[in-house]
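**Student:** After the sequence you'll find the predicted model.
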Amino acid sequence: MTDPVIEMQGITKSFPGVRALSGVSFGVRPGEVQALVGENGAGKSTLIKILSGVYQADAGEVRMNGEAVHFVHPVESLRAGIAVIYQEFSLLPERTVAQNLFLGREPRTRFGLIDSAKMRADTREVLALFAAAGRIDPDRTVGELDVATQQVVEIAKAVSTGARVVVMDEPTAALNEAECEELFATVDTLRARGVAIIYITHRMREITRLADRVTVLKDGEVAARFDEVPAPDAIVRAMVGRDIADFYAPPATPEEIGDPVLTVRGAGNAMLHQIDLDVRAGEIVGLAGIQGAGRVALAMALFGETPFEHGQVTLNGERVSFQTPRSAILGGIGLLPGDRKSEGLVLMQSVRDNGMLTSRAFAPLWSSDRRNAFTDRARMDALLDHMEIRAASYDQDIRALSGGNQQKAIVARWLSMRPKLLIFIEPTRGIDVNSKAGIYHLMRDLAREGAGILMISSDLPEVIGAADRVLVMQEGRIAAEFPHGATEQDIMHAATGETGVAA
Amino acid sequence: MSDSATAPKRRLPQINPVWVLLTVLVVAIIFMNPRFIEPTGYMNFLKRAAPLAILAAGQVYVITSGGFDLSVGSLITLVVVGSSMLTNNDPTATYWVIPLMLAMGLGVGAVNGLVVCFLRVPSLIATLGMMITLNGLAFLWSGGAPRGYLPDTFRFFGRELIRDVPLVRFIPVSVIVLVVVVGLLAWLMHRTNLGRQVHAIGDNPVAARLAGVAVNRVRITAFMLSGLSAAIAGILLGGFAGVSTDVGSGYELQAITAAVLGGAQLLGGRGSVPAALGGALALTAIFTLLNFLGLPQPVRQVVQGLILIAAVAFAMHRRRQTGT
């Protein structure tokens, strides 16, 4: 067995008030893919940042090829042969592929000028390693390439600098199915060349497909280490620290599902075509699809932010045509935006103010902020208590709270309005696993009380586990519908349009 | 969460630094002029500070909502000049001129707000344009040479004193106006739905809209309150300083400086009316001190400019430390 190229031992790192890592040991060997998994906040990013010299560990040691190293700046780790591919790329969008690949180390002619011909040839040579090589012209500017191709260039750059350790941080987050397959092939190529790969992901499928070994982090400690890839359940159990049998709330029984609260017929606008949709009282409808398939556009059309231009929408038996979010809210629709920070929260305001925002927006401007027709301070506080929001005080700025607690405060905003239809966009993105379970059960409680729920999510297991029915969108249309219990493969096929089967 | 560890530290009473600054300045003034602690001293100080304090209390609405209102200085000028033209030395005219001027303030604010909301002109530019326009109007209206006087009935608010008051001997009418107006604006800002929504739209307009806030209505209301406060400040200044075509010049930046000294967050989301009052008093105290020191007018401008920069730099520093 080969010796590890990277060995991290007893790594401990604290930030003010938080212990991010305690005594974490982690290693990777040449020619292996080591999957690093864990919930958000488990310490994966901190560990990588210590490896690459962005942070310095409080205790513990990093060894590279058996020698202790102390990187104090990412440039040093890069020189030593550790390349980190972040989700945001470090490429210059206005430069060509070749210029990016050889940035700062361009080949020179005898006269000290840049040898463009050699640079182009060398670029082709490096790119030839990858399946996508045929698509990439060294003279194209990087900004013109799609995300998947940019990622290949980024990886090629790492390879061309002679990186022996490549860290990939959720590399498939923005890729479609075909692009993912290409990336997997790229990873295989790197592995065959003896590069050590640290692969951070949430997705069990990728672990099964790619990993040689798996390390699971939980709360800043190594929760489990697998020298062979185990069944997904074992990994999830290690990540979550408990069985996930009751992770999702049970689906609705037929008696719990009532009349349609929302009916859409033949509706559309610039981004949406021929939308037919029903959401019934007591039902959670999942909306799946790849990025840009029109799921968010559909939510925003229902909510009046980018309204439908034609077609019929009926809400609780009445024909409606909402042109602004405000009118949609008055009509009985609520929406939890997909990006909490930029669309959901007023970060400098208190937890309570965030919870009361909508109810205040529909009360007279000049009346007291303590009490309105929908709720009052005491009732809002009781609601926040009921949702078990962890905050030092509800007067505290909401920006100090964790993602899960912030999300619950936004849910509280809508609960006091008693909407008939509630749209959740990526309800559990970036929140920890216990808060996720809390949100799923909250959604189910709302449905039981008679609301219809439309849940948009890119997390397929979530769509499958939490929804009573799954609709799949593709290119602005609803392409397929599946009952509760569909498989990820079914949904993925419908979402990417590889097969036209609809249930 | 880390809250439990840091919470006790956070619960220490947080005193807005503007009150510390104001206390230091007042002590310095008393040190240089012991008669300041007599009613004539501090009441005259408050009387002088009243227009700026009212203006700052209005400005803080616009700043908290995420904008600037640069038009208030020339709005003051227009109110003073317009009042002198309309009253035309007729004491009975005051009773319709003052409501008209207040309406004009609201109207100018409404136009500012409409331009920002519907023509999508950034408030800095929209109100700068309004500032130049109003200045021009004031000149046109007066023909460049305003007729000198306002009737005493009009000047009552800025100049008169209420005598024989127990404890303090006398109270200037302008101080009563100050207390009433700032009290009302403070209540509106910190105890009503309007105030909470002004904060929300300045903090994150997208989130506010998606939460159902009528963003335009709230924004226009903020500009109207700023315009109204400028009209009130103009009425006080007219009584206090008399008529000229530059009576309001520079007041817009003083008001912004006062609001920022009070901790209002430029670009919105945070702002306090009482603290803006503190900022206005502190700024007036600084000017008073410079007067005592016998420093000429241009020095005042230098100091004011430096204070504005220093206050914003200090706020940015604190924000970095608290990790925004």
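**Tutor:** Perfect, I can see it now.
**Student:** The helix or strand that B:Tyr42 is a member of and chain A in contact?
**Tutor:** Assigned by DSSP states H and E, B:Tyr42 belongs to helix B:39-64. No. Contact of helix B:39-64 with chain A (C-beta under 8 Å from any C-beta of the partner chain) is absent, the minimum separation being 10.1 Å. Where you see a C-beta, it was placed from the backbone N, CA and C, and this is true even at glycine.
**Student:** Once you drop chain neighbours, what's closest to whatever residue of the stretch 101-250 of chain A ends up closest to chain B?
**Tutor:** Chain B sits closest to A:Asp219 of the stretch 101-250 of chain A, with a gap of 12.4 Å, by C-beta to the nearest C-beta. Excluding the flanking residues, the one nearest A:Asp219 by C-beta to C-beta, 6 or more residues apart in numbering or on different chains is A:Ala42, at 6.5 Å.
**Student:** now A:Val187
**Tutor:** Spatial nearest neighbour of A:Val187, excluding adjacent residues (C-beta to C-beta, 6+ apart): A:Leu210 at 5.7 Å.
**Student:** If I look at that neighbour, what pLDDT would I see?
**Tutor:** On pLDDT, A:Leu210 comes in at 91.
**Student:** mind listing what it touches?
**Tutor:** With contact taken as C-beta atoms under 8 Å, 6 or more residues apart in numbering or on different chains, A:Leu210 is in contact with A:Val33, A:Ala35, A:Phe184, A:Val187, A:Asp188, A:Tyr199.
**Student:** Including pLDDT, secondary structure and neighbour count, could those go into a markdown table?
**Tutor:** Formatted as a markdown table, those follow (pLDDT from 0 to 100; DSSP: H, G, I helix; E, B strand; the rest coil; neighbours: other C-beta atoms under 10 Å in any protein chain shown):
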| residue | pLDDT | secondary structure | neighbour count |
| --- | --- | --- | --- |
| A:Val33 | 94 | strand | 26 |
| A:Ala35 | 93 | strand | 24 |
| A:Phe184 | 90 | helix | 17 |
| A:Val187 | 91 | helix | 22 |
| A:Asp188 | 91 | helix | 15 |
| A:Tyr199 | 94 | strand | 24 |
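**Student:** Could you find which two of those residues are furthest from each other?
**Tutor:** A:Ala35 and A:Asp188 (14.4 Å; C-beta to C-beta).
**Student:** for chain B, what are the nearby residues on the stretch 351-500 of chain A?
**Tutor:** Proximity of the stretch 351-500 of chain A to chain B (C-beta under 8 Å from any C-beta) is limited to residues A:353, A:356-358, A:360-370, A:372, A:390-392, A:396, A:399-402, A:413.
**Student:** Just the buried subset of the residues you listed, please.
**Tutor:** A:353, A:356-358, A:360-363, A:365, A:369, A:372, A:391-392, A:396, A:399-402, A:413 (16 or more other C-beta atoms under 10 Å in any protein chain shown).
**Student:** For A:Arg63, which non-adjacent residue is closest in space?
**Tutor:** Counting by C-beta to C-beta, 6+ apart, the residue nearest A:Arg63 is A:Glu7, at 4.3 Å.
**Student:** So that neighbour, which state does it fall into?
**Tutor:** Secondary structure assignment for A:Glu7 (DSSP: H, G, I helix; E, B strand; the rest coil): strand.
**Student:** okay but it is in contact with A:Glu67, surely?
**Tutor:** No. With contact defined as C-beta atoms under 8 Å, A:Glu7 does not reach A:Glu67; the gap is 10.0 Å.
**Student:** confidence score at the residue nearest to A:Val126 when sequence neighbours are not counted?
**Tutor:** Counting by C-beta to C-beta, 6+ apart, A:Val126 lies nearest to A:Ser160, which is 4.6 Å off, once chain neighbours are set aside. With respect to pLDDT, A:Ser160 has a value of 83.
**Student:** Low-confidence ranges, chain B, go.
**Tutor:** Residue ranges of chain B with pLDDT under 70: B:1-13, B:146-148, B:319-324.
**Student:** One more pass at 50, please.
**Tutor:** B:1-11, B:323-324 (pLDDT under 50).
**Student:** How about the stretch 101-250 of chain A?
**Tutor:** Of all residues in the stretch 101-250 of chain A, none has pLDDT under 50.
**Student:** can you give me the strands in it?
**Tutor:** Taking DSSP state E, counting those that start in this stretch as the test, the strands found in the stretch 101-250 of chain A are A:165-169, A:196-200, A:213-218, A:221-226.
**Student:** just to revisit the earlier point, checking my notes, the residue nearest to A:Asp219 in a helix, right?
**Tutor:** No. Secondary structure of A:Ala42 (three-state DSSP): coil, not part of a helix.
**Student:** Please consider this matter closed, and thank you.
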